[in-house]
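[1] have a look at this prediction, sequence included:
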Amino acid sequence: SERFFDPNFRGLPWKEMVTEKRKALSENPTDELVKSALGDLLKSLRVSHTGFYTSSDQTYWALQSIFSHSVEAYPLCQVGAWFESKNGSWFVRNIFESSPAFEAGLKVGDEVLAVDGHSFSPILSFQAEESNCAKARSIDIRKGPDLPSVAVKVTPRFESIQSAMLRATLASARFYEVGGLQIAYFHLWTGTHETFKTALHEYLQRLHANVDGLILDLRDGFGGAGPEFIEPLFASEGRPAVFNKPVVALINEGVRSGKEWVSYILKKQKRAVLLGNTTAGAFIAGSPFEIEKDKYLLYLAVSDFGPPDVTEPIEGVGVSPDIFVPYERSYSNGADPQLERALEVVAQ
């Protein structure tokens, strides 16, 4: 009520809504009831970078690490995958390169049924102190709705979500050969720390003259990036671009905030073909507020972020691709139609 960026609360009777929700909660509500009540309130504001998270949410740990300004801060026992809930079932949305999940052979689209025989939770299923983290877990997965479950052994790693994303960003660099052409690939999982920008710049500087094109994957992860991340793709003040070959940028509904800014610039300046689906439309600046230490976190839109070089609305709208390619992850067994199409486009 004090820090939300819109003092009019989007025209809603905010005080009355808060009072009603408070009345509906018992004196000692469960975490889930608190999360549900506050979640309903915050959703009614219809604005990005606004949510309520508990320490059993992956986003809680990611935001704590990001706003600590240290890549290593807020480590936890994890397998290096991002999970999403759909219709009451859990699926693997992302696998971070060089992670325990990656090494174990988990695939994007796998349905996760249980861990060590217990119901699945993205955080609680792997929760352990550092000394007990490196213990193999048995994850029951299903590759299709009518297929039997199979068990996969995964040994978690004790690290922050930002550390896992940095490791993945560095390990993502690879090359594809398409019709005799060399296509470079790099996945910028987030731009929330200077080390991610350094990783991208150093990669672009290492590309040899015989590289014919680049796929810059911006999908999912978190935002935080800005124009300085893609400076090597542009010439300026007599300085040639570090990389001046064709670029395809992969985008989707998981591209948020600063990475939407990057997407917007690449499209507006016609420096890259955007391929995938429309970005999140999450372009209001947010800040975290710890409501109860190590337990509750409020993420709140606190200012209207509007850089002068962005002349079209992004908040609530997103950045649309030049080439739309749908991607249904559930039971996809790691198939990536957006990447496959991007390889064709950059080669053309």
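    On my side now, so go ahead.
[2] go ahead and flag the most central residue of this protein.
    Among the residues of the chain, residue 221 comes closest to the average C-alpha position under Cα atoms, centre = their mean, at 1.7 Å.
[3] that residue reaches residue 196, doesn't it?
    No: with contacts counted by Cβ atoms under 8 Å, residue 221 stays clear of residue 196, the gap being 9.4 Å. Where you see a C-beta, it was placed from the backbone N, CA and C, and this is true even at glycine.
[4] now do the shared contacts for those two.
    Common neighbours of residue 221 and residue 196 (criterion: Cβ atoms under 8 Å, 6 or more residues apart in numbering): 165, 188, 189, 190.
[5] now do the first one, the pLDDT please.
    I take that to be residue 165. On pLDDT, residue 165 comes in at 98.
[6] contacts only, for the nearest residue to it once chain neighbours are set aside.
    In this structure, residue 165 finds its nearest non-sequential neighbour in residue 189, 4.0 Å apart by Cβ to Cβ, 6 or more residues apart in numbering. The contact partners of residue 189, by Cβ under 8 Å, 6+ apart, come to 96, 165, 166, 168, 169, 172, 196, 220, 221, 222.
[7] can you check residue 104 too?
    Applying Cβ under 8 Å, 6+ apart to residue 104 gives the contacts 79, 152, 153, 154, 155.
[8] where do the strands sit along the stretch 201-348 of the chain?
    Counting by DSSP state E, counting those that start in this stretch, the stretch 201-348 of the chain has strands at residues 213-217, 247-251, 273-276, 285-292, 296-303, 323-324.
[9] ok, the closest residue to residue 275 other than its chain neighbours to residue 219 distance?
    The shortest distance from residue 275 to any residue other than its chain neighbours is 4.5 Å, reached at residue 323 (Cβ to Cβ, 6+ apart). The spacing between residue 323 and residue 219, counted by Cβ to Cβ, to the nearest Å, is 14 Å.
[10] neighbour count: these two, which is higher?
    Neighbour comparison, residue 323 and residue 219: the larger count goes to residue 219, with 23 against 14 (by other Cβ atoms under 10 Å).
[11] could you give the mean pLDDT of stretch 208-227?
    Per-residue pLDDT over stretch 208-227 has a mean of 96.
[12] ditto for stretch 37-49
    95.
[13] distance from that stretch to the middle of the chain?
    Centroid separation between stretch 37-49 and its chain, computed with Cα atoms, centre = their mean, to the nearest Å, is 20 Å.
[14] got it, and stretch 187-194?
    Here the centre of stretch 187-194 is set off from its chain's centre by 10 Å, with Cα atoms, centre = their mean.
[15] tell me which residues of that stretch come out buried.
    The neighbour-count check on stretch 187-194 (16 or more other Cβ atoms under 10 Å) flags 187, 188, 189, 190, 191, 192, 193 as buried.
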